[in-house]
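**Q** fold the stuff below for me.
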Amino acid sequence: FMGMPGSLVYNFGAAILRSHGDSKRSMYILGVTGFINVLLNLLLVMVFHLDVAGVAIATITAQYLSAIAVMWILFDQKQEYKLRFKELGLHKEQVNKMIAIGVPCGINGILQCLSNVIVQSSINSFGTYVIAGNTAATDINNFTYLVNNAFCAACVSFSGQCCGAKQYKRLDKLVVSSAIWNSVFVVAIATVVTIFPRQMLGIFTSNPQVVEAGMFKLILLSWTAMIYGIGDTLVGCVRGMGKSLSPTVLNIICLCGVRWQC
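**A** Numbers count the residues shown, from 1 in each chain. Presented below is the predicted three-dimensional model:
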């Protein structure tokens, strides 16, 4: 909780940079602070023996360093989005827009987490090997979901720019291009996973029963993530157009409701 303000500041600042087409510097910041996080983990846990507290301190430090870095960039810019303290304040029109878009997104995220908890509680009834295999497979599948999230974030920025410039015909090209490239990356990852499933699960465990338990989920979700990625692309475009309620309703029905029934 102490690290959340740093994480929020970084996320807001990075979103401003991405909205202007600058996604490299936010990535560089995460790369450097992530490396610092790893070093601090090793130092605080292995040298100073701080155990869980050491991991927490390392994470918090990395979060605030990323916040400081992105703020430095925003203060230094000679662009229209330069951060100026004297202009900070609550602007009713902008606040209303942020609430209209942000609240449905927040509800969507909460319900997805709740859905995952319910699914996990069902998985727990199958025993230790299935739990461990499912966890390992999920960790590997997260790489695929990161690709999907990246294209979703890009679609939010680009569709917002297209609507702002009233270039609505570009939205069709944006959707098609994003869906195609998203699928290409997902297929590439799924192919590697399908060829080397045991080796990838072996990174997390040497127990053959755990590996067997995780293989089916790993391969199945790696390939079907392409469908999820296309859906994320469409959701990103709709949110970039300033409409957040309809994607939230669909996600609640499909990703939450259907999973609970299954």
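
**Q** any weak-confidence spans in the stretch 151-262 of the chain?
**A** Across the stretch 151-262 of the chain, the stretches falling below the confidence threshold (pLDDT under 70) are 256-257, 259-262.

**Q** for F85, give me the pLDDT.
**A** On the pLDDT scale, F85 is placed at 82.

**Q** that one: what's it in contact with?
**A** Contacts for F85 (Cβ atoms under 8 Å, 6 or more residues apart in numbering) come out as none. To be clear about C-beta, it is placed using only N, CA and C from the backbone, and glycine gets the same treatment.

**Q** so how far is stretch 211-218 off the chain centroid?
**A** Between the centre of stretch 211-218 and the centre of its chain there are 23 Å (Cα atoms, centre = their mean, to the nearest Å).

**Q** touching that stretch from outside, list them.
**A** Residues outside stretch 211-218 that contact it (Cβ under 8 Å, 6+ apart) are 129-130, 132-138, 140-141, 193, 197-198, 200-202, 205.

**Q** go again using 7 Å as the cut-off
**A** The contact list for stretch 211-218, computed with Cβ atoms under 7 Å, 6 or more residues apart in numbering, reads 129-130, 133-134, 136-137, 140-141, 193, 197-198, 201-202, 205.

**Q** give me the buried positions along it.
**A** 211, 213-215, 217-218 (16 or more other Cβ atoms under 10 Å).

**Q** and for stretch 175-183?
**A** By 16+ other Cβ under 10 Å, the buried positions in stretch 175-183 come out as 175, 178-179, 182-183.

**Q** and that stretch, how far from the chain's centre?
**A** In terms of Cα atoms, centre = their mean, the centre of stretch 175-183 is found 18 Å from the chain centre.

**Q** CA atoms of that stretch as CSV?
**A** Only the C-alpha atoms of stretch 175-183 are listed here, as CSV (Å, rounded to 0.1, in the frame of the first residue of the first chain):
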residue,chain,number,x,y,z
VAL,A,175,-8.5,-2.5,-35.8
VAL,A,176,-7.3,-4.7,-38.6
SER,A,177,-3.6,-4.0,-38.2
SER,A,178,-3.7,-4.5,-34.5
ALA,A,179,-5.7,-7.7,-34.7
ILE,A,180,-3.3,-9.1,-37.3
TRP,A,181,-0.1,-8.2,-35.5
ASN,A,182,-1.5,-9.3,-32.1
SER,A,183,-2.4,-12.7,-33.6
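
**Q** what packs against the longest helix seen in the chain?
**A** Using DSSP state H, we find that the single longest helix of the chain is helix 128-164. Packing partners of helix 128-164 (3 or more Cβ pairs under 7 Å, 6 or more residues apart in numbering; DSSP states H and E): helix 4-19, helix 92-123, helix 170-195, helix 197-201, helix 208-240.
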